[in-house]
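*Asks:* below are the sequence and a predicted model for it; my questions follow.
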Amino acid sequence: MCLTRVARIVNVEGGRAKISYLDSRETSEVDVSMVNARRGSYVEVYANVAIGRITKKDADQRRALQRELRARAKGVDA
């Protein structure tokens, strides 16, 4: 099973972008050559490659779902 992570683009420089993952305080640099990357846009990231852009609404829903799944895995009600 492949899992992607949702991130917000902080800065774009050529085919690379600095991103901030929504599920943590972690930042990273990823390849954005497959998407129309713009500062402030939200992307799905797999293996340090942005594979698609998503809306803020979708990003917020994904973050909420990930929090709920993480809480359930720990045995805590979300």
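*Replies:* Perfect, I can see it now. Numbers count the residues shown, from 1 in each chain.
*Asks:* which secondary structure state is assigned to residue 9?
*Replies:* strand (DSSP: H, G, I helix; E, B strand; the rest coil).
*Asks:* count the residues that sit near it.
*Replies:* Using other C-beta atoms under 10 Å, residue 9 has 21 neighbouring residues. Just so you know, the C-beta spots here come from the backbone N, C-alpha and C atoms, and that holds for glycine as well.
*Asks:* against residue 34, how distant is it?
*Replies:* 13 Å (C-beta to C-beta, to the nearest Å).
*Asks:* overlap of the contact sets of the two?
*Replies:* Residues touching both residue 9 and residue 34 (C-beta atoms under 8 Å, 6 or more residues apart in numbering): residue 50.
*Asks:* where along this protein do the strands fall?
*Replies:* For the chain, applying DSSP state E gives strands covering 5-13, 16-21, 27-31, 42-46, 49-54.
*Asks:* so which bits of stretch 40-57 are buried?
*Replies:* Across stretch 40-57, burial judged by 16 or more other C-beta atoms under 10 Å covers 41, 42, 43, 44, 45, 50, 51, 53, 54.
*Asks:* need these in JSON lines (columns: pLDDT and distance to residue 4).
*Replies:* Formatted as JSON lines, those follow (pLDDT from 0 to 100; distance: C-beta to C-beta, whole Å):
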{"residue": "41", "pLDDT": "97", "distance to residue 4": "15"}
{"residue": "42", "pLDDT": "97", "distance to residue 4": "12"}
{"residue": "43", "pLDDT": "97", "distance to residue 4": "9"}
{"residue": "44", "pLDDT": "96", "distance to residue 4": "4"}
{"residue": "45", "pLDDT": "96", "distance to residue 4": "6"}
{"residue": "50", "pLDDT": "97", "distance to residue 4": "9"}
{"residue": "51", "pLDDT": "97", "distance to residue 4": "7"}
{"residue": "53", "pLDDT": "97", "distance to residue 4": "12"}
{"residue": "54", "pLDDT": "97", "distance to residue 4": "10"}
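*Asks:* ok, so of these, who is nearest residue 26?
*Replies:* residue 45 (10.9 Å; C-beta to C-beta).
*Asks:* one step back: rebuild the buried residues of stretch 40-57 as CSV, extending it with distance to residue 70.
*Replies:* Output for those, formatted as CSV (distance: C-beta to C-beta, whole Å):
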residue, distance to residue 70
41, 25
42, 20
43, 21
44, 18
45, 18
50, 23
51, 22
53, 24
54, 20
